[in-house]
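I'll drop the sequence and a predicted model, then ask my questions.
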Amino acid sequence: MLEFFIAAFVIIAILLVIGFGGFMLLRWFLRDKDGGNNSGLPMPDFRQHLPTRFVAIALMAIALFIPLGMIEGVVSERHRSYRNVLHDVSSSWGKEQILTGPVLVIPYKYRFEVTKKVLGSNGIYQDVSEWRESSHEALVLPDQLNIGGDIEPEYRQRSIYKSLVYRMRLKITGQFDNVEHRIREMTDDSRMHKILWDKAYLSIGLSDPSGVEDAQDPVFNGQSVRFSPGTKITKQLPKGIHIPLSLTDTAALPFNLKLTLKGSKGFRVAPVGERTAMQLKSDWEHPSFYGDLLPKDFEIIAGTGFNANWSVSRLVRSYPQQWVLSSKGHKLNEMSLGVQLFEPVTLYTETTRAVKYGVLFISLTFIALLLIEWVTGIRPGFLQYFMIGSSLALFYLLLIALAEHTGFALAYGLATFIVIGMIGLYSLSILRRRALAGLVSIVLLSLYSVLYLILQSEDYALLSGTLLITVTLAASMYFSSKADVQTLTTENTIGEIA
C-alpha cells in the first residue's frame, strides 16, 4: 500500500512538472516582442486570487501527507527490529516464567487375583488363581503453599536497543499433610499392595527451564536433597525440574526451596495449594498485575517500587487436591496469578502516536500562515509553503533517529529546537518582519508543547487532542470573522463615497 502511494505521488509530481513546464514554454514561444502575453492563454494570478490560492495550498498540504506515511513506515520498521531484538534477548536470557508446583508424586502398586482356566493332566479344565501387580502414581498437591519473590529488573543491550528482563529470587515453602491417608482415600485400600515411598519425587513445572540460574540444594522433610532436570510427569508438567525423594515419615512433609530464575515480560504462578499465598516485591515502579486473580492488596511507591500480596483458596479452581495420574488428567496451570514489568510507553509507541498528529500539525501551521497573509497582505509563494511543510514532516524523522540514541524526551526537545529554528529563520526571510516570524515560531512552539503533553498523558490523549482542535478552530473562526468584517466595512465605505 505504501509503495502504491509513493508511486502515485511521483507520477503526479512528474505530470505537474511536465504540464507546467510545457505551459510556460508555449507561452514563451507565443509571446510578443515586448514580452507581453500574446498567446491568448490565461495566466491566473495565484498570489491574488485567494480562493484558488487556498485550494492550491490545501492540495499541497494533502500531498505532504505522503511523506508522513513514509516516515510512519520507517517508524514501524524500526519498531519491528526492536521487537525482534526483544524476542532474541528473551530467548537467550529467559522467557516469561510460569511456576507450577511443587507437586508430590508417589508410585504405588495394586495387587489383585486373576482366575483362569488351565487344562489339567487329566484332560479337564480347572480354575487356577494367581496374583498380579499393577503400577500407578498418585499426584498430591500441597496443603499450604507460600511463595515469596524479589524481582530485580535490568536492561540487556544489543546494538542500539535495550530489552527489559528480570532476575527473580524465589523462596517456596509449604507442607503436605496426611499423604498416606490421602492416597488410600482415593484408591481401593483392599487392593493396595505397597506404597513405594523410596520412589517418590517432587515435581516443579517451569515454562522456561533454561532460565534457572541457581537452584540451592533444597530441604525436604528435614533432609537435604538435590534437583534433577525434567518433571517426569510430562503430560501434566511438560517442562521443569524434579527432586528424587526417599520418604519415611509421611504424617507431615514440609519443604523449603530456593530458586533464582531469569525471565522477561512477566512471572506467573499456578495456585496449586489448598491455600496459596504469594508475596512479590520489586523496585520496578510500573507493575501490571495479570492472570485470573488480582492481588488482595498491593502498594506502589514512587522511587521505591511495588509490593503485592495474593491469598487464594483451592475453591477457585476446578481440579482436586489429589488424583491418580493413570486414570485422570487435569491442567494444573488452567488458572494463574502474577505480574508483568510493564513499560508504560516505548519511544516507538510515542513516535507513532506523534506521527499521527502530523496531519493536524501541517494543517494548523498552514492555517496560521494563511491567517497571517490574510491580515497582513503578504503572499508567500507555494515553494515557501512546501518547504515549511517539508520541515514539519522532517521533525518526525529527526525524532525517531535521535530518540534511539538519546531517549524520547531529549530527542523531542532537540527535534523541536531544530525544526522551529529552521522555520523561524525561513519565515523571517520570506515575511520580512521579525514580529511575524516570531509569531510563527510561537505558534509552532505551542503546538509542539501541547503535543508533548498529549504524548505523556496517555490516558487523556484523546481528550487533549480534541481540545487542541477545538481551540484552534475557535481561534481560526475568531480571526477569520474579524478579517471578513474589516473587508466588508471597507467595501461599504468605498461604495458610499462613490
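Yep, that arrived. Note that the coordinates shown come from a computational prediction; the quantities given were computed from them, not determined experimentally.

tell me the mean pLDDT for stretch 236-246?
Averaged over stretch 236-246, pLDDT sits at 92.

got the contact list for that stretch?
By Cβ atoms under 8 Å, 6 or more residues apart in numbering, the list of residues contacting stretch 236-246 from outside reads 100-103, 139, 197-198, 200-209, 212, 215, 218, 220-221, 225-232, 325, 329-332. Just so you know, the C-beta spots here come from the backbone N, C-alpha and C atoms, and that holds for glycine as well.

same deal with stretch 185-194?
Stretch 185-194 is contacted by residues 108, 109, 110, 111, 112, 133, 136, 138, 184, 322, 323, 324 when judged by Cβ under 8 Å, 6+ apart.

the same query, at a cut-off of 7 Å, please.
Residues outside stretch 185-194 that contact it (Cβ atoms under 7 Å, 6 or more residues apart in numbering): 108, 109, 110, 111, 112, 133, 184, 322, 323, 324.

do the same with stretch 145-153
164, 166-174, 267, 269, 272-273, 276-282, 284, 341.

the top strand by length along the chain - contacts with which helices or strands?
Under DSSP state E, the strand in the chain containing the largest number of residues is strand 97-119. Counting contacts by 3 or more Cβ pairs under 7 Å, 6 or more residues apart in numbering; DSSP states H and E, strand 97-119 packs against strand 125-140, helix 179-186, strand 192-195, strand 201-206, strand 252-264, strand 266-270.

tell me the one among the contacts of stretch 185-194 nearest to residue 354.
residue 323 (55.4 Å; Cβ to Cβ).

could you pull up the residues touching the nearest residue to the closest one once chain neighbours are set aside?
With sequence-adjacent residues excluded and distances taken as Cβ to Cβ, 6 or more residues apart in numbering, residue 323 is closest to residue 139, at 5.9 Å. Counting by Cβ under 7 Å, 6+ apart, residue 139 touches 103, 105, 322, 323, 325.

what is the second one paired to in the beta sheet?
Looking back up the chat, that one is residue 105. residue 139, residue 201 (DSSP bridges).

that one and residue 291: what is the separation?
From residue 105 across to residue 291, the span is 25 Å (Cβ to Cβ, to the nearest Å).

same thing with the fourth one?
In this structure, residue 323 and residue 291 are separated by 24 Å, where distance is defined by Cβ to Cβ.

more crowded one of these two?
More crowded of residue 323 and residue 291, by other Cβ atoms under 10 Å: residue 291, with 20 against 17.

so that one sits right up against residue 267, yeah?
No. Using Cβ atoms under 7 Å, residue 291 makes no contact with residue 267, being 10.0 Å away.

anything in contact with each of those two?
Jointly contacting residue 291 and residue 267 under the rule Cβ under 7 Å, 6+ apart are residue 338.

can you give me the helices for the stretch 251-400 of the chain?
Taking DSSP state H, counting those that start in this stretch as the test, the helices found in the stretch 251-400 of the chain are 347-356, 358-376, 382-406.

follow-up on the earlier one: buried subset of the contacts of stretch 236-246, written for ChimeraX?
Command for ChimeraX, covering only those of the contacts of stretch 236-246 found buried under the criterion 16 or more other Cβ atoms under 10 Å:
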select :100,101,102,103,139,197,200,201,202,203,204,205,206,207,208,209,212,215,218,220,221,225,227,231,232,325,332
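
tell me which element the residue of the chain positioned farthest from its centre falls in.
Most distant from the centre of the chain: residue 122, at 83.0 Å, with distances by Cα atoms, centre = their mean. Using DSSP states H and E, residue 122 falls within no helix or strand.

for the closest residue to residue 340 other than its chain neighbours, what are its contacts?
Spatial nearest neighbour of residue 340, chain neighbours left out: residue 266 (3.6 Å); criterion: Cβ to Cβ, 6+ apart. Contact analysis of residue 266 by Cβ under 7 Å, 6+ apart lists 96, 290, 338, 339, 340, 341.

out of those residues, which are buried?
The neighbour-count test (16+ other Cβ under 10 Å) applied to the contacts of residue 266 identifies 96, 338, 339, 340, 341 as buried.

partners of the second one in the sheet?
In this entry, residue 338 is beta-bridged to residue 268, residue 290, by DSSP bridges.

surely it and residue 269 touch.
Yes. Between residue 338 and residue 269 there is a contact under Cβ under 7 Å: 6.0 Å.

quick revisit: out of the helices of the stretch 251-400 of the chain, which one sits most buried?
helix 347-356 (a mean of 20; mean count of other Cβ atoms under 10 Å).

and that helix, what does it pack against?
If you count contacts as 3+ Cβ pairs under 7 Å, 6+ apart, helix 347-356 packs onto helix 65-93, helix 382-406, helix 434-456.
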